[in-house]
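# Below are the sequence and a predicted model for it; my questions follow.
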Amino acid sequence: MRKNESTIIKGSKKAVIARLAGYFWRYRIRVFTAFLLMVGSNLFALLGPYLSGKAIDAIDLKTGVDFGAVAELCLWMAVFYVVSAALSYLLSVLMIRLSQKIVRRMRQDVFEKILALPVGDLDRVQAGDLINRISYDIDTVNASLSNDILQAATGVITVVGAFIGMILTSPALLGVFAVTIPISVFITIKRSRSVRPLFRKRSAKLAELNGFSEEMLTGIKTIKAYGREEEIVGKFNEKNTAAVDAYYAADYYASLIGPSVNFVNNLGTVLISTAGSFFYLFGLISIGDISAFLLYARKFSGPVNEYANIMGEIQSALAAAERVFRLLDRPAEGADPADAAELRETEGMVAFKNVRFGYEEGEEIIHDLSFQAMPGQTVAIVGPTGAGKTTLVNLMMRFYDPQGGRIELDGKDIRSYTRKSLRAAFTMVLQDTWLFEGTIFENIAYGKEGATAEEVKRAAEDAHIASFIESLPDKYDTVLTDGGVNLSKGQKQLMTIARAMLSPAKLLILDEATSNVDTRTELLIRDAMAKLMRGRTCFVIAHRLTTIRSADLILVVKGGDIVERGRHEELLERRGFYSEIYEAQFE
Amino acid sequence: MKRKKETKTPEKAAMPQDMKLSKKAGRRNMKRVLAYLLAYKARIAGGLLLKIVGTVAELVLPVIMAYMIDEVAPTGNTLALWLWGAGMLICAVAALVGNVAANRMASKVARDTTERLRTDLFSKSLSLSARQIDEVTLPSLVSRLSSDTYNVHNMIGMMQRLGVRAPILLVGGVAMTFVIDPVLALVLLVSVPFLTLIVILVSKKGIGLYTRLQRSVDGMVRKVRDDYTGIRVIKALSKTEYEGESFKEINERVVHDETKAGVTMGITNPLMTGVLNLGMAAVIFVGAYRVAGGAAKVGEIIAFTSFFTIILNAVISVSRIFVNFSKGGASAARIGAILQMPEELLPEKTEKESDAYIRFDDVSFSYGGAAALEHISFSLKKGESLGVIGATGSGKSTLVSLLLRFYDADSGGVFVDGRDVRSYDKEELRRKFGVVFQTDFLMAASVRENIDFERGLDYAAITTAAGYARASGFIEEHGGYDSLLTARGANFSGGQKQRLLIARALAASPEILVLDDSSSALDYKTDAGLRKTLIENLSGTTVIMIAQRISSVRFADKILVLDQGRAVGFGSDAELTENCPAYREIYASQHEEELSAGKGAAYAEE
């Protein structure tokens, strides 16, 4: 995934902005309200300097202090400022709620995308990378949405308002002040352009680091067992240094912007003060006007100064959004064709016809494979490791699609069904057990929508895990943590078997289903397995040949080809590869 | 109802660690992180100084301006006006140089502090004992390493940049207003208690809110990890929609916590601005009387308003700092909580020794609930091999955890090479072992790196080990030792992965080789071949083989039969066949077609 990231398309910034705008568009009424609030709050705030200038003029000694006017103007100032503050709080609440809505949607989109990705793609990504996108990247976007955009927009209004204020107060002083404007604009634009790639790099390096630490923490037991802590920390350190350096590089340039622009502003103050003094000297301007003008000039430069910082933040947000969108743009598992049928009921007849497949281009693992399983039959697939047994399951469940040939269910290409309905026709117990963070009840009930406590209990009993569950203090409400670390692999496997028991599916895949269950326990659950297999077309992948002796069809797979096929006795008589591996277990 | 429960659980799981933290402990943890800054105190002080210079220079600008308007302009001395103008310019330049230099130093300090903090956190995470990790949970560690360190990085940078500048501007601005007109300044100062109150109240609340938010983020991380590993099952059971739904709730909780924190913190800025602006109106009003009474000049009121703008901006900055600090502080406390965890399983002085090479002496152990091992005793001579067999949950893997001292036994003693494992330095103990765990891990790196595992082994040692592990063949097929594994080794089959792991365990010629059910994905033929190689080539190595199949352990000199944490048999294959009913039972179940043909066929004939 990261490889794609480094090739950054030009003009992608616009596309990213357009997409973010798309998220905003969904909440256009709120956005519009926010805009109104923002304009209102800023206009009230902008009236402040005008009023204070007027008030100061009213203090002017030449004409005597007009206390009535001063009091009235000050009162108005107070009112406007209070209203402005109230509006701006309302605005920030609204913006937070708005950005949270957007962020929630993005997070949901990302999560659902992760689930929708082809399994093969997901295999190539680190969990840490995904976590990084769904937490850090989206957080960055969020901070930007709720804060920076608001500030930027406020800034624009303030700048425009202050500019108008300056024109109205003293066009002559504005002429002097205007000298500084192109300089600050130039600095800001130039800097933010050079900062953008730095922010992008910062995100990428941080993602790399987080991916690494997640991966290593997953393997912590092994690292400890081999005493490799120092070396791994060393490697971490390298990536950490790269990450903080990238952060620093971005920070460094971004932090130049503030003082530079500030300098230009101060330059403005110098010019205005000097020129203002001259103008005052020649009676061209009132003191109140100089005051108002200075306040406007400060107001004007405030956002321009902030603009640089905000742009920095927005740059990093855009880089983060880009990474999120890249993930969202990865093709999901091919969409079902429009005419894909909903698989409702199946006889359970499965046929492989001249199937060819390889995980990588040009590395074919399965060559021209054909066989047929009749409804209710048990097909066993045996062979050495790496012969492609699990691949057959991946193909049947459409985790991958074959490059040649076809797989049929009830005589129809499985690609003509929707993936969802096709998979619903299968139930499986895999070599890799999977339990999630939740109670035992939830984990078992996962196999069937709306399973009752009774059903779950029965399934657990059938899978011979009930007595273990009952022995736990919380029984079925015991919470399994972190992939079920507090269970042995065998116990986990029994839970997944119980889960499969609940499923009404017609097709059953047992991929080394009992490899983690010791043989004694396996013996105990045999009748349960018999129950599980009854009425289902079963595909059994097993090394333990005892479990497949009486399969209706045994396929001996070697190097992606079926080298032998038949029933147990026939295969033994043939004295071929099957009998060789069969005998190996008694050596 | 069911749904409710599920969403509650992650929180519950993450709770103990954080809930136990009193506020005091939280502050202590936070301080622990902030103490990292002490190492850079000289640089921070230097940066601070520069910042002060730059900021003060900025503060002087309005003063000069007031002077120009009130004193210089009326005299009509144009030369003086020019000179004062030039003086302002110099101040402006000083502000630029000082601030740039200070910001640069601040970024550097933030970088170096974060780098050290993060590395320390990572290495501390690796050194946590298994029990401590169980307590904190892995996803929480992951998010502390990523999003919490990031928050702290942000905080350190910002605190130096704004945290210094804003108070100086604030204090300096207020001081200047006093210089100009103390009475007017006092009017403005009336607002200070209000401002302080706002800051204190809000930031107090903020830290709690952000701590809660980070906890919700932990839950989210957990969900993503869970589903990432279980994607095949989720798809097979067509549960993607269900998972999407359950994520929705976790997402909702994060959003809820974040909104709450944001709305709370968001009140500071408008409130403070509002209070100050009211003060400003009051200043002008009072100023009118002062000017009328001849106590103040108009130019001073203008300068006052200029300072006022500076003060206002400083206050806004302060409110931003407080948001940032609340967030960073909550994260710092979470990081500190890990850093302060005591080093467990340190070497202890023990008197006891044993003449046996490996010995379990009346060992009992539990993970906290029911006993996992009870009164286990056995011993091995050097070079002997041990097979361990037993039902699922009988405590086989726990045996390995105790041997490697991932946990300490509750009672009894574990001895390796004659010494109590507790007397070893961890490194020293573990260097003796080559281990493959039940669920072991392969990195997204080359085959060679995975076998070497950062030990800097010879290429020859690696290829030999791969040969012993019967992995050479498929490694060549995959494109040799430099070919890459994807994350979790997903591009290799289960059996291939196990053989890579066995190669790793063998590569450094360990004194003790532990294989915990690590040939389960191998077919019988490969498994038998592997055993043959082990027996032929590793005669000096003490092999501990945990397995479910009798055929995998029969070769061993001694076999330990476990049943629900108790040893029910110990001896050679022949002895056990003779006098251990449990062993015979297992044997029978695995070879029944020989003994009682047909009995087990029932299930497959359906």
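Everything's here; your move.

# what's stretch A:390-401 in contact with?
A:118-120, A:333-334, A:350, A:352, A:355, A:357, A:359, A:365-366, A:369, A:381, A:402, A:407, A:414-415, A:419, A:422-423, A:426, A:428, A:430-431, A:509, A:511, A:539, A:541, A:557, B:232, B:235-236, B:493-494 (C-beta atoms under 8 Å, 6 or more residues apart in numbering or on different chains). Quick note: C-beta positions are derived from backbone N, CA and C, even for glycine.

# swap the cut-off to 6 Å and go again
A:119, A:120, A:365, A:402, A:419, A:423, A:509, A:511, B:236 (C-beta atoms under 6 Å, 6 or more residues apart in numbering or on different chains).

# what's the answer for stretch B:401-414, then?
By C-beta under 6 Å, 6+ apart, stretch B:401-414 touches A:225, B:130, B:345, B:352, B:360, B:361, B:362, B:363, B:364, B:365, B:420, B:421.

# one more time with 7 Å, if that's ok
Here stretch B:401-414 makes contact (C-beta atoms under 7 Å, 6 or more residues apart in numbering or on different chains) with A:225, B:130-131, B:345, B:352, B:360-366, B:416, B:420-422, B:429-430, B:433, B:435.

# Mind giving me the PyMOL select for those, buried ones only?
This is how PyMOL selects the buried members of the contacts of stretch B:401-414, with burial counted by 16 or more other C-beta atoms under 10 Å in any protein chain shown:
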select buried, (chain A and resi 225) or (chain B and resi 130+345+360+361+363+365+416+420+421+422+429+430+433+435)
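
# from the contacts of stretch B:401-414, which ones fall inside helices?
A:225, B:130, B:131, B:429, B:430 (DSSP state H).

# Just the pLDDT for the last one.
The reference is to residue B:430. On pLDDT, residue B:430 comes in at 84.

# so residue 238, which of the three states?
Going with chain A. Per DSSP: H, G, I helix; E, B strand; the rest coil, the local secondary structure of residue A:238 is helix.

# Chain B was what I was after
coil.

# my guess is it contacts residue A:425, does it?
No: using C-beta atoms under 7 Å, residue B:238 makes no contact with residue A:425, being 9.5 Å away.

# Could I get the buried residue list for the strand or helix carrying residue A:203?
For residue A:203, the element it lies in under DSSP states H and E is helix A:180-218. Under the neighbour-count criterion of 16+ other C-beta under 10 Å, helix A:180-218 has A:180-181, A:184, A:187-188, A:191-192, A:195-196, A:198-218 buried.

# Would you mind confirming that residue B:166 makes contact with residue B:319?
No: in terms of C-beta under 7 Å, residue B:166 does not count as a neighbour of residue B:319; the distance is 9.3 Å.

# Counting neighbours, go ahead and name the busier of the two.
Counting neighbours by other C-beta atoms under 10 Å in any protein chain shown for residue B:166 and for residue B:319 shows that residue B:319 has the greater number, 25 against 22.

# still on that earlier bit, who are the packing partners of the helix holding residue A:203?
Applying 3 or more C-beta pairs under 7 Å, 6 or more residues apart in numbering or on different chains; DSSP states H and E, we find helix A:180-218 packed against helix A:127-132, helix A:229-281, helix A:287-329, helix B:138-143.

# Poorly predicted segments of the stretch 401-550 of chain B, please.
B:521 (pLDDT under 70).

# Can you get me a residue count around the residue in it that chain A sits nearest to?
Using C-beta to the nearest C-beta, the closest approach of the stretch 401-550 of chain B to chain A is made by residue B:495 at 2.4 Å. By the criterion of other C-beta under 10 Å, residue B:495 has 27 neighbours.

# Could you do the one 10 residues further on as well?
Other residues within reach of residue B:505, judged by other C-beta under 10 Å, total 27.

# Lovely, talk soon.
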